[in-house]
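Q: Predicted model and sequence follow; I will ask about them next.
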Amino acid sequence: MDNLAQTVEEPTEAAGAKGRSTSLVAIDDDPQITSFISDVLSGEDLEVRTCNDPVEGLDIVLRRRPQIVVLDLMMPKMNGIAVMERILAAAPDTDVILLTGNYTTESAVEAIQKGASDYLEKPITPEKLRRTIYALVEELQQRQRSAQLESDLGKASSFRGIVGRSAAMLDLFTLIRRVAPHFRTVLLKGETGTGKEIVARVLHQLSPASQGAFAAFNCSAVVETLFESELFGYVKGAFTGANQDKIGLFEYANGGVLLLDEIGDMPLSAQAKLLRVLQNREVQRVGSPIPRKIDVRIVAATHHDLRGMVAEERFREDLYYRLCMIEIEVPRLADRREDLPLLERHFLEHFSAEYKKPLQGITRRAQALLADYSWPGNVRELENAIGHACMMTQGDRIDICDLPDRAWRGRPATSGLDNEILPLTEIERRYARRAVDIMDGKKTKAAAALDISRNKLYALLAGGPPRPE
């Protein structure tokens, strides 16, 4: 058994970091049990620490953050359930196994419901202990390999700062590459928050006008009376307050690219003037009769249905056809959900660096929650949610409590139980079956998404409490 004083003096970084073995802490008030666990499990691939005091053992776990904890259920000072709850509150991804010499179905159900990965009855044979622990070790190693692969894939799945590997995004990247060298005008369509501006910037970067300026003008943020002076500029004395000449955005972006964001909100009077600029490739400053030649590539972006607006006479038909020679649709996040883990990791790394927090990842239950949300605000909403969580978290992983309320309160129900009053056990059973369906029948993945053990999942699917093997 480890000497506690020596353990306290050792480094406090989380165990299991790169280059270290899997770490396990066993806490039991019976020294014979902890000695048994240490003898059975100690090996080059598993670092085992033991303690016979639950309070001191909890302190070791909270400081060292092992991946696996084995707990006796009945101990003085604190029982195993209380210790487990403290551990899972601080480190939700920890696998906790409870041991007891007085097994009951009720205690097993309570333990599993409160987050235990497994529940074993004493006396336990060396073979059963090894089988249970090394199954968890294998799952952990698989998760670590998957996380590394996702990290590597994330770095390889970025196109000029746009993150994605879904079929929809690969098609988008191909279209951008083909259009960028040739376009004079492009119409970007997509919901708010999908990333239309970054697509416009990539078009600029890959175009022959990349050495020129990039300017963005939000048509929905400017009052109608200012459109002309903002876009075309003015000369001194053109109106009260015009004390000097000012160039407009078209002249500023001459030789480059101008993004007209939310062009569907441009008033009809400004649309007529814009059409003349696109036709003649020249502008006139307010108060000046002199036309000025310009060479500007135009990217118009909107979340509106411009064709429908044309039919309603709220958008000029001739301007629409001038803009829509090339249309690029930026997909919703809901249509590229396979990109969600990549985007989560991308934003996590970004905000981890910005806030100077050494964040390691997102807990499985938080990932499951993010995957179940509809994301009406698309990538921008996801970015804000991860940024909020990175700022709020007190640990090294984002958990459910760190996410903004909108990510889990008032979510669209997906269980089909809205109008039914059912026993909680039936609700759990139905939700477990739905999770397995979503994961294409892969029960291990479904259990991970639900943040429960496979034993608990099998019991839910069977309609009964988990039983010891």
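A: Noted; the coordinates are in hand. Numbers count the residues shown, from 1 in each chain.

Q: just the helices in the stretch 301-450 of the chain please.
A: 306-311, 317-323, 340-354, 364-372, 378-392, 424-438, 443-450 (DSSP state H, counting those that start in this stretch).

Q: tell me the mean pLDDT over the last one?
A: Here the mean pLDDT over helix 443-450 is 75, rounded to a whole number.

Q: Just after it, pick out the following helix or strand.
A: Going down the chain from helix 443-450, the next helix or strand is helix 454-462, by DSSP states H and E.

Q: Give me the angle between that following helix and helix 443-450.
A: If you take axes from the mean of the first three to the mean of the last three Cα atoms, to 10 degrees, helix 454-462 sits at 100 degrees to helix 443-450.

Q: Contacts for stretch 173-193 next, please.
A: For stretch 173-193, the surrounding residues in contact (Cβ atoms under 8 Å, 6 or more residues apart in numbering) are 159, 162, 164, 196, 199-200, 202-203, 205-208, 278, 297-303, 306, 322-333, 377-381. Bear in mind the C-beta positions are built from the backbone N, C-alpha and C, glycine included.

Q: hmm, 7 Å instead?
A: 159, 196, 199-200, 202-203, 206-208, 278, 297-303, 322-330, 332, 377-381 (Cβ atoms under 7 Å, 6 or more residues apart in numbering).

Q: What of stretch 445-465?
A: Counting by Cβ under 7 Å, 6+ apart, residues outside stretch 445-465 touching it are 105, 108-109, 112, 117-118, 364-365, 368, 428-429, 432-433, 435-436, 439, 443-444, 466.

Q: hmm, try it at 8 Å
A: Residues outside stretch 445-465 that contact it (Cβ under 8 Å, 6+ apart) are 92, 105, 108-109, 112, 115-119, 139, 143, 363-365, 367-368, 371, 425, 428-429, 431-433, 435-436, 438-439, 443-444, 466-467.

Q: Ok, stretch 264-273 next?
A: Outside stretch 264-273, the residues that touch it by Cβ under 8 Å, 6+ apart are 219-220, 224, 227-228, 231-232, 260, 274, 302-304, 306, 309, 314-316, 319.

Q: which among these end up buried?
A: Among these, the ones that count as buried by 16 or more other Cβ atoms under 10 Å are 219, 227-228, 231-232, 260, 274, 302-303, 306, 309, 315-316, 319.

Q: can you redo those residues as CSV with pLDDT and distance to residue 337?
A: Output for these, formatted as CSV (pLDDT from 0 to 100; distance: Cβ to Cβ, whole Å):
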residue, pLDDT, distance to residue 337
219, 95, 31
227, 92, 38
228, 92, 43
231, 95, 38
232, 94, 43
260, 97, 30
274, 95, 37
302, 97, 24
303, 96, 20
306, 96, 27
309, 96, 30
315, 97, 32
316, 96, 37
319, 96, 35
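
Q: Among those, name the ones in strands.
A: When DSSP state E defines the strands, the subset of those inside them is 260, 302.

Q: Which members of the buried ones among the contacts of stretch 264-273 are the farthest-apart pair?
A: The largest separation in the buried ones among the contacts of stretch 264-273, counting by Cβ to Cβ, is between 232 and 303 at 25.5 Å.

Q: Just tell me which of the helices of the stretch 301-450 of the chain ends up closest to residue 56.
A: When the helices of the stretch 301-450 of the chain are compared by Cβ to Cβ, helix 364-372 sits nearest residue 56, at 28.2 Å.

Q: contacting residues for residue 165?
A: With Cβ under 8 Å, 6+ apart, residue 165 has these contacts: 153, 157, 338, 339, 342.

Q: What's the biggest helix in this structure, counting residues?
A: Longest helix of the chain, by residue count under DSSP state H: helix 126-156.

Q: Listing partners with orientation, what would you give for the helix or strand just after it?
A: Counting by DSSP H and E, the next helix or strand C-terminal to helix 126-156 is strand 158-159. Under the criterion DSSP bridges, strand 158-159 sits next to strand 162-163 (antiparallel) in its sheet.

Q: Other residues contacting the strand it pairs with?
A: Contact partners of strand 162-163, identified using Cβ under 8 Å, 6+ apart, comprise 154, 157, 169, 172-173, 195, 198-199, 202, 339, 342-343, 346.

Q: Tell me the one among these nearest to residue 48.
A: Nearest to residue 48 among the contacts of strand 162-163: residue 154, at 33.9 Å, using Cβ to Cβ.

Q: so residue 169 sits right up against residue 338, yeah?
A: No. The criterion here is Cβ atoms under 8 Å, and residue 169 misses it with residue 338 at 9.3 Å.

Q: Which one's more surrounded, these two?
A: Legend: neighbour count by other Cβ atoms under 10 Å for residue 169 and residue 338, higher for residue 169 (21 against 13).

Q: Would you mark the buried spots in the strand or helix carrying that one?
A: Assigned by DSSP H and E, residue 169 belongs to helix 167-179. By neighbour count with 16+ other Cβ under 10 Å, helix 167-179 contains the buried residues 169, 172, 173, 176, 179.

Q: mind checking how far the fourth one is from residue 382?
A: Summarising the geometry, the distance separating residue 176 from residue 382, computed by Cβ to Cβ, to the nearest Å, is 21 Å.

Q: try the first one
A: Distance of residue 169 to residue 382, computed by Cβ to Cβ: 14 Å.

Q: Equivalent analysis for the second one, please.
A: From residue 172 across to residue 382, the span is 17 Å (Cβ to Cβ).

Q: Which residue comes closest to residue 388 once chain neighbours are left out?
A: Distances taken as Cβ to Cβ, 6 or more residues apart in numbering place residue 404 nearest to residue 388, at 4.9 Å, with adjacent residues excluded.

Q: Any idea how many residues pack against the one you found?
A: For residue 404, the count of nearby residues is 15 (other Cβ under 10 Å).

Q: these two touch, right, it and residue 383?
A: No. Using Cβ under 8 Å, residue 404 makes no contact with residue 383, being 11.8 Å away.

Q: still on that earlier bit, from the contacts of residue 165, which single one is nearest residue 124?
A: Among those, and counting by Cβ to Cβ, the member closest to residue 124 is residue 153, at 39.8 Å.

Q: Narrow the contacts of strand 162-163 to just the buried residues.
A: 154, 157, 169, 172, 173, 195, 199, 202, 339, 342, 343, 346.

Q: okay, the third one: pLDDT?
A: Right, the one you point to is residue 169. Residue 169 is assigned a predicted lDDT (pLDDT) of 95.
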